[in-house]
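Asks: got a predicted structure here, sequence first:
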Amino acid sequence: MTDQPARAALFRGRSLFPVLAIAIFAVIVVFFAVGLTKDSRKLPSALLDQPAPGFDLPPLTSALPGLKTVDLQGRVSLVNVWASWCGPCRVEHPLLMRLARDGRAEVVGINWKDKKDDAENFLKELGNPYARIGFDASGRVGIDWGVYGVPETYVIDREGRIRYKVVGPIMPDELKDSILPLIESLKK
Amino acid sequence: MIAELGHFALILALVAALVQGSVPMIGASRNDRAWMAVARPAALGQAGAVALAFFALMWCHIASDFSVMAVAANSNSQMPLIYKISSTWGYHEGSMVLWVLILAIYGAAVALFGDNLPPALRARVLAVQAWIAIGFLLFILFTSNPFLRMTPAPADGRDLNPLLQDPGLAIHPPFLYFGYVGFSMAFSFAIAALIEGRVDAAWARWVRPWTLLAWCFLTAGIAMGSYWAYYELGWGGWWFWDPVENASFMPWLIGTALLHSASVVEKRDALKSWTILLAIIAFSLSLMGTFLVRSGVLTSVHAFATDPARGVFILGLLAITTGGALVLYVWRAPGMGTGGLFAPVSREGALVLNNLLLATACATVFLGTLYPLFLDALGGDKVSVGAPFFNATFAPIMAPLVAAMAVGPLLAWKRGDLFGALQRLYAALAIAIVVGLATLYLTRGGPVLAAFGMALAAWLFFGTLSELAERLRLFRVPLSDSIQRAAILPRAAYGMLIAHAGMAFTVAGVTATSAWETESISSMRPGDRAALAGNEFVLLDVRQDLQGPNYTAEQAGISVLRNGKEIAVLEPAKRFYPVQRQATNETAILTTGFSDVYAALGDGNPQSGWTVRLYYKPLVTWIWLGAALMVAGGAVSLSDRRHRVGAPSRGQPRTRPRASAAPAAASDD
């Protein structure tokens, strides 16, 4: 008979459902635990461990040379992509100045989607950490590097391969814990 | 000194919670009234101590005491007073104190107003509340102490995240927390019921108003958050399926299901163990949301500064709370009994459908939110699941839910008459079809799915009206009789009708905005013109270097012309907060009718012009109007005497003799 009142089987007492809920929950907790060990902020770079892209950028000012691919060979270097209009670039600037004085790696810059005058004023105001600066007004070379936004920093080994990438300003902890040890090991 | 007082008050609260969590529980099992009675002073004491800690922290913020590390990191002497106050909960540590404060307030409410609860149940509920409080107080004291000092104290603070310096966001977290944490009440009641091995209508009468209260706050909090995202982020969107948004949305979905299934327990004594499971899941999802936001396992625009130690601690809390509750559930729930029987086509059956659809919707959001985490944990790629996934999976689940929402309330308890119910919806069906066809005509065959969405909204709205007409026997009995019926109709019934109508507005608003939004993004110099949705826009000027209390700003003046006449001047601005070195958008929104014209100012300079984004968003205000109606419906329902805390006993003398004039209206809602 169709009008026989029916018990909703799903909600009846001893079913498999609650046990299943515990099992699912246990799996989720395991995933969370594994997730905690990973750093979700680290963005992978498709170029990691690949040779730096081929490029040849004109100098920003007459006082400093421009930047091209061969300049990155033969020594460990730090390529910093920056612009005068970028706030976080100002934040990380003192760190770059210290790195340049430290001399463990050559700091070079790519000035990205910027105006010559503004960029020069920026360096006059805050100091120049860069041994070379390539002027990438159109941002075309930035595309080859896979630049998301400024600032970004790449560690390049002696063979001219990209070994590390920082998106956003370099933080003191990351410099101390990851970047400097990497530079040391690359120099050996 | 004040900071040390706050720290000490937190420790005191922990001690009170330890007493509250142990003595009454033992008392309840031994049936010792004196031991059970300890719950009340302990709960009040705990609430008092946490409140003291919270206000001590707030005092440090108002007084700009930068020797307190958290104040130095999240406040600034230049900030307006309202943001000095709201910065108290604008960061991880402070917001956890607010979390615990709200938990303690709910506990104190049970202690104060729970006179008509069976003493053993009250003692157990308060003890379980205390267990949760112990976990979070330990968490604060060991990993997230907001009262730590730093020497030397800096001259000024690092400022509150500029995105949070907005009146809407200043009050949004407390609402959200009152919602999240409010589900702890349902949870505590569920655990207490499992320990007692008994669930009855009286239990449900208690759980329902608390769940409803939490649900109202959560609805309001989510709506505020979405409105904030709409005007402050300047991307023109109002919902981004961001992990943190989802973290608040999942408890809302399950909380909505719980609200409905609890009414079945109350009215029909059925679905008992399912309701308990929902209560456990609703609060577990709140905890999970806390974990996701604060552990950094998922990236999000809202993520708090993260720390793995905190993540481990909250994960432990989550595992103990939810795991323990589920084990208890498996052990005890089978003894609960099934209660009332019902036919598949009945009010209960409709509510089961509601529950299944809401649970499925929640599972979908859950999968979409956590998929990137699962994949990453398995060593796969870094992916992000975006809006297309959610839009494609969520809407097809919501459509039948909305369709059934109009029918369900018309079905009788126990055994309903589907055909009879549908018969009463002829008018609503006719209007829905007309609305759908009219939409297609007006938009020249615009997306068929969108026309369907509008028809669905009309179906729900007019179906809800039909339900009201049915209850009042409108047009079938003399008007005076209908008015009399309207006066007797329980407020809970009005609340349900208002909330369902609100859902109709939200569905219409979401559909219209998604389908017929138009935008124009262009680079404009002063004097340039742009056209959008029948309006013309002229960039008058851009004022640079405006000074605010703790920011500088650029502000554009954009004249809006309709038929050649200026109807408004929009002034979108971009602010730069030097202390945090962050820019924020201050969009300008012109609301005409129910639609918005929305302008945001991008980067630029006088030589090459400024990027100006203009959006036309039809019916967008209905999204929040609908949410406001849902909250209002919940509030009206809460004001119903039968839902009010303590009403069953205290309200007795003034209760109307159960409305013999309108048995149909009084017997259900």
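Replies: Here it is on my side, so go on.
Asks: what's the closest non-adjacent residue to B:Ala319?
Replies: For B:Ala319, ignoring the flanking residues on the chain, the nearest one in space by Cβ to Cβ, 6 or more residues apart in numbering or on different chains is A:Val29 at 5.1 Å. From N, CA and C alone the C-beta is placed, and that goes for glycine too.
Asks: and that neighbour, how far from B:Leu326?
Replies: As for A:Val29, its distance to B:Leu326 is 11 Å (criterion: Cβ to Cβ, to the nearest Å).
Asks: tell me the helix or strand right after the lengthiest helix in chain A.
Replies: Ordering each helix of chain A by length in residues (DSSP state H) puts helix A:17-36 first. Of the helices and strands lying after helix A:17-36 in sequence (DSSP states H and E), the nearest is strand A:56-57.
Asks: other residues contacting that next one?
Replies: A:Gly66, A:Leu67, A:Lys68, A:Thr69, A:Ile110, A:Gly134, A:Phe135, A:Asp136, A:Val141 (Cβ atoms under 8 Å, 6 or more residues apart in numbering or on different chains).
Asks: list the strands paired with it, with their directions.
Replies: strand A:67-68 (antiparallel) (DSSP bridges).
Asks: and the strand it pairs with, how far out from the chain middle?
Replies: Between the centre of strand A:67-68 and the centre of its chain there are 20 Å (Cα atoms, centre = their mean, to the nearest Å).
Asks: so what secondary structure elements neighbour the longest helix of chain A?
Replies: helix B:272-295, helix B:308-332, helix B:347-377 (3 or more Cβ pairs under 8 Å, 6 or more residues apart in numbering or on different chains; DSSP states H and E).
Asks: that helix vs helix B:272-295, what angle?
Replies: 0 degrees (axes from the mean of the first three to the mean of the last three Cα atoms, to 10 degrees).
Asks: okay, buried residues for helix A:17-36 please.
Replies: A:Pro18, A:Ala21, A:Ile22, A:Phe25, A:Ile28, A:Val29, A:Phe31, A:Phe32, A:Ala33, A:Val34, A:Gly35, A:Leu36 (16 or more other Cβ atoms under 10 Å in any protein chain shown).
Asks: what pLDDT is listed against the third one?
Replies: Reading off the confidence values, A:Ile22 has pLDDT 87.
Asks: residue ranges with poor pLDDT in the stretch 501-650 of chain B?
Replies: Filtered on pLDDT under 70, the stretch 501-650 of chain B yields the residue ranges B:581, B:642-650.
Asks: low-confidence ranges, chain A, go.
Replies: Applying pLDDT under 70 to chain A flags the ranges A:1-15, A:38-47, A:148-149.
Asks: for it, which segments count as helices?
Replies: Using DSSP H, helices in chain A cover A:17-36, A:87-102, A:116-126, A:140-145, A:172-174, A:180-187.
Asks: quickly check: the fifth one near chain B or not.
Replies: This points to helix A:172-174. No: on the criterion Cβ under 8 Å from any Cβ of the partner chain, helix A:172-174 is out of touch with chain B, staying 12.2 Å away.
Asks: and that helix, what does it pack onto?
Replies: With contacts taken as 3+ Cβ pairs under 8 Å, 6+ apart, helix A:172-174 sits against no other helix or strand.
Asks: relative to the whole chain's centre, how far out is that helix?
Replies: With Cα atoms, centre = their mean as the basis, helix A:172-174 stands 13 Å off its chain's centre.
Asks: from the middle of its chain, how far away would stretch B:602-612 be?
Replies: Put simply, stretch B:602-612 sits 38 Å off its chain's centre (Cα atoms, centre = their mean).
Asks: alpha carbons only: can I get it in CSV?
Replies: Extracted in CSV, the C-alpha atoms of stretch B:602-612 (Å, rounded to 0.1, in the frame of the first residue of the first chain):
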residue,chain,number,x,y,z
GLY,B,602,42.6,52.3,-10.8
ASP,B,603,46.2,53.3,-11.3
GLY,B,604,47.1,56.2,-13.4
ASN,B,605,48.7,59.7,-13.8
PRO,B,606,47.7,62.9,-15.6
GLN,B,607,49.8,62.1,-18.7
SER,B,608,48.5,58.7,-19.7
GLY,B,609,45.2,58.8,-17.9
TRP,B,610,43.6,56.7,-15.1
THR,B,611,42.2,53.2,-15.4
VAL,B,612,38.5,53.6,-14.6
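Asks: could you measure from A:Val76 over to chain B?
Replies: Per Cβ to the nearest Cβ, to the nearest Å, A:Val76 is found 27 Å from chain B.
Asks: ok, that residue - contacts?
Replies: A:Val76 sits next to A:Arg104, A:Ala105, A:Glu106, A:Val155, A:Ile156, A:Asp157, A:Arg158, A:Ile183, A:Leu186, A:Lys187 when contact means Cβ under 8 Å, 6+ apart.
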